[in-house]
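Participant: Requesting a structural model of the entry that follows:
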Amino acid sequence: MTASTAIGMVLYPNFTHLDLTGPFEVFGRLPNARVFAVAAEEGLVTSDTGLNMVPDLRFDEAPEFDLICVPGGPGVNQMLEDEALLGFLRDQGAHAQFVTSVCSGSLLLGAAGLVKGYRAATHWLSMDLLPLFGAIPVAERVVIDRNRITGGGVTAGIDFGLVVAAKLADDETAKRIQLMLEYDPSPPFNAGSPATAEPSVVQAVREQGAKYLDARREIARRAAARL
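Facilitator: Alright, predicted model coming up:
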């Protein structure tokens, strides 16, 4: 970790807040790290479940971050063609030590041309879209490929944050943060993956997300064609 590591966490409308707040909780406990929430404009940014967050900086005020992190969420659809966001990611990705995402945030990295030729994770429902951007989809909680670090589904953000913490600091620091957070998951149901959930549950979730996922595929194809 440098003397002062600057971390940028991207906000946009309808992001999934746990994609951001999970790793934010970890990063905020790193020694000598400054964590900033950044967005295109000032004012409240509302997550897909209604949590309001206020950015610290606008894109045009942001420094060159050592690490940039992009969350996913339903809002990915509209952001796949948002040049303000994609241009910001391209600019930051050109010099950041680490270019990262959680969940479907990796699709935004893809639309910015930042995961072509890289192994990457995303939410299981969007895994088939990564190849449109030249990425190699990997169904793992956290995927590291050179300086690209991507987390899988929403709750993978905490695992992702700890992996990144170990890289920015060291394993001992990451372990202490994990213990301070008492991150010792023991879920009440074995339904956290399509590989373990009952087929009826998997089908219900597919049907629940079908409308915006169909739209996402169409938008992703358009975005990929621009690269």
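Participant: so what's the residue nearest the centre of the chain up against?
Facilitator: Centroid-nearest residue in the chain, with Cα atoms, centre = their mean: residue 102, separated by 2.3 Å. For residue 102, the contacting residues are 19-20, 22-23, 69-72, 150-151, 154, 156-157, 160, by Cβ atoms under 8 Å, 6 or more residues apart in numbering. All C-beta atoms are positioned from the backbone trio N, CA, C, and that covers glycine.
Participant: mind redoing it with 6 Å?
Facilitator: Counting by Cβ atoms under 6 Å, 6 or more residues apart in numbering, residue 102 makes contact with 19, 71, 151, 157, 160.
Participant: quick one: residue 120 from residue 109, how far?
Facilitator: With distances defined as Cβ to Cβ, to the nearest Å, the gap from residue 120 to residue 109 amounts to 8 Å.
Participant: what do you get for residue 131?
Facilitator: Using Cβ to Cβ, which is the criterion applied here, residue 131 is 14 Å from residue 109.
Participant: Please, where are all the strands along the protein?
Facilitator: Using DSSP state E, the strands found in the chain span residues 5-10, 33-39, 45-46, 52-53, 57-58, 67-70, 98-102, 119-120, 136-137, 142-145, 148-151.
Participant: what lines up beside the third one in the sheet?
Facilitator: Next to strand 45-46 in the sheet, as set by DSSP bridges, lie strand 52-53 (antiparallel).
Participant: Same question for the longest one.
Facilitator: Counting by DSSP bridges, the strands paired with strand 33-39 are strand 5-10 (parallel), strand 57-58 (parallel).
Participant: need the ones you listed in JSON lines with distance to residue 126, can you?
Facilitator: Formatted as JSON lines, the strands paired with strand 33-39 follow (distance: least, Cβ to Cβ, whole Å):
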{"stretch": "strand 5-10", "distance to residue 126": "17"}
{"stretch": "strand 57-58", "distance to residue 126": "28"}
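Participant: Dump the ones you listed to a markdown table, plus distance to residue 183, mean neighbour count and mean pLDDT.
Facilitator: As requested, the strands paired with strand 33-39 are arranged in a markdown table below (distance: least, Cβ to Cβ, whole Å; neighbours: other Cβ atoms under 10 Å; pLDDT from 0 to 100):
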| stretch | distance to residue 183 | mean neighbour count | mean pLDDT |
| --- | --- | --- | --- |
| strand 5-10 | 19 | 24 | 98 |
| strand 57-58 | 28 | 14 | 98 |
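Participant: Sweet, I'm off.
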